[in-house]
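Novice: here you go, sequence then predicted model.
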Amino acid sequence: MKLYCEHRISRDAANLWEVLHTPAFEARLAQAIGLAEYTELEREETEDAVYRRIRVVPSIPSSFRSLLRSVGAAEKISYIEEQWRSRTEMEVRWEMTPSVMADRAEIQGLIRIQPLGQASCLRILDGAVKVRLPLMGRAVEQAIVTSTLAAYGKSAKAASRTP
């Protein structure tokens, strides 16, 4: 299932890109989204990219929580996000590995920052969610897409308001 959204952010693209992965900015975004945990587990920097491995414990909407319980998931859901942030382009390639059904789920994409002028930019999330689960796969995919889009909407508002 396609995962796509665009948000106009009231910040200069270069400024947003500069602060996007600072610990203080990430903490504000995690709070705005309602993450219970956002912890960097690993970091490796090369000439071309910054690789990060992050443990995330999201807040799960009750409707999605009951769907996950129906496929045998525990109450506390988490995922590992791997990121490859380009040093030459304003983009981050990412992959998520959920704590449940990791062998049946592929969640990945690209985040790009596109300048729109001196005072705003466009943050584009372009990805895909694939869950191989008989009868329930599409419903789980839809719930992941819906939750992700809601979180990105909240983070766009927070990014515009953050100094």
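Specialist: Structure received.

Novice: for I113, pull up the helix or strand it's in.
Specialist: strand 105-115 (DSSP states H and E).

Novice: what comes up buried for that strand?
Specialist: Neighbour-count burial for strand 105-115 flags A105, I107, G109, I111, R112, I113 (criterion: 16 or more other C-beta atoms under 10 Å). Just so you know, the C-beta spots here come from the backbone N, C-alpha and C atoms, and that holds for glycine as well.

Novice: for this structure, just list every one of the helices.
Specialist: According to DSSP state H, the chain carries its helices in the segments 13-19, 23-33, 62-70, 137-161.

Novice: ok, what's across the strand from the closest residue to E6 other than its chain neighbours?
Specialist: In space, E6 comes closest to I124 once its chain neighbours are excluded; the distance is 5.1 Å by C-beta to C-beta, 6 or more residues apart in numbering. Assessed by DSSP bridges, I124 has beta-bridge partners E6, R112.

Novice: R87 and A49 touch, don't they?
Specialist: Yes: counting by C-beta atoms under 8 Å, A49 is a contact partner of R87 at 6.0 Å.

Novice: so for the two, which sits in the more crowded spot?
Specialist: Per other C-beta atoms under 10 Å, whichever of R87 and A49 has more neighbours is A49, with 17 against 10.

Novice: quick one: pLDDT of the more buried one?
Specialist: A49 carries a pLDDT value of 94.

Novice: residues near S78, how many?
Specialist: Neighbourhood size, S78 [other C-beta under 10 Å]: 16.

Novice: need the contact list for it.
Specialist: Taking C-beta atoms under 8 Å, 6 or more residues apart in numbering, we find S78 in contact with E37, R55, V56, V57, P58, P98, S99.

Novice: and the residue nearest to E6, how far from A13?
Specialist: For I124, the distance to A13 (C-beta to C-beta, to the nearest Å) stands at 11 Å.

Novice: done for today, thanks.
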